[in-house]
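Undergrad: coords please:
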Amino acid sequence: MKNNFKLFQNRELSYLDFNHRILLLAEDKNVPLMERLKFLQIFDNNLDEFFMIRVGSIFDNSILHKKKTDPFTNLLYKEQLELIFEKIKDLIKEKDKILGKLLKVIGKDYIEQISLSKLDNQEYSYLKKLFEHEILPLISPQIIDKHHPFPFLKDRDLYVCVRLLPKKKESVKVGIIPTTGAFDRLIIMPAKSKTKEKIRFILAEDIILHFSHYLFSKYKIISRSLFRVTRSADLDIDEELDDNNLDMKTIMANLLQKRKKLIPVRLELYKSGDTHQTINYLSKKLSLSLSQIFVNRTNINLSFISKLLNKIDKYEHSDLFYKKIFPKIPSKMKNISMINEIANRDILLSHPFDSINPFIKLLDQAAEDNDVVSIKITLYRVAYNSQIISNLKKAADNGKDVLVVVELQARFDEQNNIEWATSLEESGCKVIYGLEGYKVHAKVLLITRKIEGNIHYISQVGTGNYNETTSKTYTDLSLMTANQEIGNDILQLFNNLCTGTLVEFTSKILTSPNILKIKLLQLISDEILIASNQQPAEIIIKCNSLQDKDIIMRLIDASNAGVKIYLIIRGICCLLPGIKGYTENIQIKSIIGPLLEHSRIYSFGVSDRKQIYISSADLMVRNMLKRIEVACPIMDHKIKNIISSLLSLYINDNTLCSQLTSDGKYVNLFYDETKVDSSTHEIRNSQDIKFHQSLETSL
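TA: All right, here's what the predicted structure looks like:
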């Protein structure tokens, strides 16, 4: 089939559509009021990372590969940038509108962002003294002239730019004031009375902007603006590996220093009194085109929102937040051996409804078990004060052979992982840093026991990170099993990682880059063959992103063959459904709500021949070819039924779900009589998943 560009979407524009869906939740009246503020912060943070990673990468490619086009839409990199910037300018306008309205609503009763121009004399005097005594001594203003060159601007730090008119007849000068330092950005105003009242706050940058004339007393300020620069964070590790004989940890530490000084890709301004002149000046200094400059009517950098919401009493104002989920823990777990339980049957945890504690307890017991000889695990992102790390250290202290594969290239967690790696090494763990040219994104654990001369494996495979914090808000699946074939496969994976080679063959699990994609294509082809014989055929895939073209083209073939295909894709989706003659049997939905839908599930077939895998891999080129990923088959019949029910719940969700149409738009689904909410439905409750029930009844 020739490339029909009407079937596809550009990856970058699809991501911006995803972020737009997050933004729209900030004005959804069905979303609790303070959660709407959170979605604004998520939108803002996503946009930051998009510029740092994707825009930075596209800029590089637009220079290195001027004539190369997007395989889905035939767009040149330069054309992609033009469309990206145009779309983002529209998103910023919408963000300003939504945030402005939301601040007015919450300002009536709960939280008010104040303006210095509207304060009484007493409050104004309070902030003036705060500026003079707590802020002014900690900032370093600079005028720009022959003796004071334009300063290096830190990535995403806020600055004040002032245009200055000297008292003598001289040309206009420019001053730059950093607004970050050893002081809090979020400043809560003192209560006016002892009675409880709404929270009133102001941001440090607004105070510095207002009092900036004190810093340039010899000049008249013509205009003043708040601005920040976003720099590319797209690190080229391959270049460093080629030119360096240093170890991976040292290379990553050096690259993190380089990241701080990469080229600017975006300039944002806010409260700009003289937009045109300021933009011209800053754009020249930063070598940015006008298309890379974004003027905001509301705050830039919304990271203060999370700290602000922590000031609200969530018990008194529980109606302003989503109902808190309390992960379930079986009441008798303290008295059982997780190793013995897993030896008897497979156990599935469904986070956040199930606590991660049973997994942590498994590690803790393995560290103490005399029969355990080794523990091997992959770490991508871990929590602060991680109990998992503590248990690995304890196992090493107890003489176990502990191997930890730490992925130092986990985006924005590189420094944390360098520190964890060092700490694990100092505790006696053997630490390796993956495989050259590939990120280790797989989430696997292998516990090896030796009993009466025989080797026994306990394995765990997950869709998400070994992170106690995110396990409370991310939906992920974690399978713990004593299946020896799975254990042998995982052992082979670790052996290959240790020897710097790729896995070529497995018995049960699927690994990338050599096995996973080939098997997925074959499973799709099997459904095509069954459908061609007029038998029921079905494919259900849940993941974060769909971008691999080979898989997409095979799904189109399956649709044409009559296979019913349901895709639950939270973010990027490069395929369009419902196009006659191509994708009319494909339904694509995105679910965004109180939980971050993170689990990856692949289901092929119907009834007794259904095959289900859980995986760490999204269906993107990078996951298939540039990462070490694992997909694990579900062997237990009961667990397979549980996951099938879970997939049906996602397909039938009509509350958090939006459906992709053939013209590339997402439309919300509205329920008539029966509301189906996949984030709260009782089937997601761990007792219905029967893990805890089965533990209770077995004791």
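
Undergrad: only C-alpha atoms for contact and neighbour calcs from this point on.
TA: Will do.

Undergrad: Give me the secondary structure label for the closest residue in space to residue 347 that isn't next to it in sequence.
TA: Counting by CA to CA, 6 or more residues apart in numbering, the nearest residue to residue 347 once its immediate chain neighbours are dropped is residue 480, at 5.2 Å. Of the three states, residue 480 takes strand according to DSSP: H, G, I helix; E, B strand; the rest coil.

Undergrad: Residue 480 and residue 325: what is the separation?
TA: 23 Å (CA to CA, to the nearest Å).

Undergrad: and if you look at residue 164?
TA: Taken as CA to CA, the span from residue 164 to residue 325 is 54 Å.

Undergrad: Pop the domain breakdown of this structure in here.
TA: 1-109, 333-499, 510-698 (automatic domain parsing).

Undergrad: pLDDT (mean, whole number) over the first one?
TA: The pLDDT scores in domain 1-109 average 93.

Undergrad: now do the longest one
TA: Per-residue pLDDT values across domain 510-698 average out to 90.

Undergrad: One more: the second one?
TA: In this model, domain 333-499 has a mean pLDDT of 94.

Undergrad: any idea which helix or strand comes after the longest helix seen in the chain?
TA: Scanning the chain for the helix with the most residues, using DSSP state H, yields helix 77-109. Toward the C-terminal end, the helix or strand that comes next after helix 77-109 (DSSP states H and E) is strand 111-113.

Undergrad: ok, back up a step: how far away is the residue nearest to residue 347 from residue 635?
TA: Taking CA to CA, one finds residue 480 at 11 Å from residue 635.

Undergrad: Of those two, which one has the most company?
TA: Neighbour count, other CA atoms under 10 Å: between residue 480 and residue 635, residue 480 has more, with 26 against 15.

Undergrad: surely that one meets residue 348?
TA: Yes: contact status for residue 480 versus residue 348: in contact at 6.4 Å, counting by CA atoms under 8 Å.

Undergrad: Including distance to residue 228, could the domains of the chain go into TSV?
TA: Below are the domains of the chain laid out as TSV (distance: least, CA to CA, whole Å):
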stretch	distance to residue 228
domain 1-109	11
domain 333-499	19
domain 510-698	27
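
Undergrad: Tell me which of those domains approaches residue 276 most closely.
TA: domain 1-109 (16.7 Å; CA to CA).

Undergrad: returning to that earlier point: for the longest helix of the chain, buried residues please.
TA: Neighbour-count burial for helix 77-109 flags 77-78, 80-81, 84-85, 88-89, 91-92, 95-96, 98-99, 102, 106-107 (criterion: 16 or more other CA atoms under 10 Å).

Undergrad: Span of stretch 364-373 from start to end?
TA: Counting by CA to CA: the opening and closing residues of stretch 364-373 are 14 Å apart.

Undergrad: Now do it: distance to the chain's middle.
TA: 34 Å (CA atoms, centre = their mean, to the nearest Å).

Undergrad: Same check on stretch 613-622?
TA: 15 Å.

Undergrad: who touches that stretch?
TA: 441-443, 461-464, 477, 543-549, 551, 599-603, 623-624, 629-634 (CA atoms under 8 Å, 6 or more residues apart in numbering).

Undergrad: switch the cut-off to 6 Å
TA: With contacts defined as CA atoms under 6 Å, 6 or more residues apart in numbering, stretch 613-622 is touched by 442, 463, 543-548, 600-602, 623, 629-634.

Undergrad: ok, now stretch 224-231?
TA: Under CA under 6 Å, 6+ apart, the answer for stretch 224-231 is 52, 155-162, 262-273.

Undergrad: change it to 7 Å
TA: Here stretch 224-231 makes contact (CA atoms under 7 Å, 6 or more residues apart in numbering) with 52, 155-163, 262-273.

Undergrad: what is the mean pLDDT for that stretch?
TA: Rounded mean pLDDT across stretch 224-231 is 95.

Undergrad: which residues in the stretch 401-550 of the chain form strands?
TA: Secondary structure of the stretch 401-550 of the chain by DSSP state E, counting those that start in this stretch: the strands cover 401-406, 430-432, 439-440, 444-451, 454-462, 474-481, 510-511, 538-543.

Undergrad: could I get those as a markdown table with distance to residue 44?
TA: Output for the strands of the stretch 401-550 of the chain, formatted as a markdown table (distance: least, CA to CA, whole Å):
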| stretch | distance to residue 44 |
| --- | --- |
| strand 401-406 | 29 |
| strand 430-432 | 35 |
| strand 439-440 | 27 |
| strand 444-451 | 32 |
| strand 454-462 | 29 |
| strand 474-481 | 19 |
| strand 510-511 | 34 |
| strand 538-543 | 23 |
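
Undergrad: quick one, which of those is packed in tightest?
TA: Most buried of those, by mean neighbour count (mean count of other CA atoms under 10 Å): strand 510-511, with a mean of 26.

Undergrad: Which secondary structure elements does that one sit against?
TA: strand 630-633 (3 or more CA pairs under 7 Å, 6 or more residues apart in numbering; DSSP states H and E).

Undergrad: which is the next helix or strand following the strand it packs on?
TA: Following strand 630-633 toward the C-terminus (DSSP H and E): helix 637-652.

Undergrad: what distance separates that next one from the centre of its chain?
TA: Counting by CA atoms, centre = their mean, helix 637-652 comes out at 25 Å from the chain centroid.

Undergrad: which of the residues in that helix are buried?
TA: 639-644, 646-647, 649-651.

Undergrad: so which of these would you say is closest to residue 457?
TA: residue 639 (19.9 Å).

Undergrad: quick one: that closest one from residue 357, how far?
TA: 20 Å.

Undergrad: hang on, the earlier thing: want to try JSON lines for the buried residues of helix 637-652, with distance to residue 388 as columns?
TA: Compiled in JSON lines, these are given as follows (distance: CA to CA, whole Å):
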{"residue": "639", "distance to residue 388": "25"}
{"residue": "640", "distance to residue 388": "28"}
{"residue": "641", "distance to residue 388": "30"}
{"residue": "642", "distance to residue 388": "27"}
{"residue": "643", "distance to residue 388": "26"}
{"residue": "644", "distance to residue 388": "30"}
{"residue": "646", "distance to residue 388": "28"}
{"residue": "647", "distance to residue 388": "30"}
{"residue": "649", "distance to residue 388": "32"}
{"residue": "650", "distance to residue 388": "31"}
{"residue": "651", "distance to residue 388": "34"}
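
Undergrad: out of these, which one sits closest to residue 140?
TA: Distances from residue 140 to the buried residues of helix 637-652, taken by CA to CA, are shortest for residue 650, at 53.3 Å.

Undergrad: For the residue nearest to residue 473 when sequence neighbours are not counted, give me its contacts.
TA: Leaving out its chain neighbours, the residue that sits closest to residue 473 by CA to CA, 6+ apart is residue 595, at 5.4 Å. By CA under 7 Å, 6+ apart, residue 595 lies in contact with 473-475, 679.
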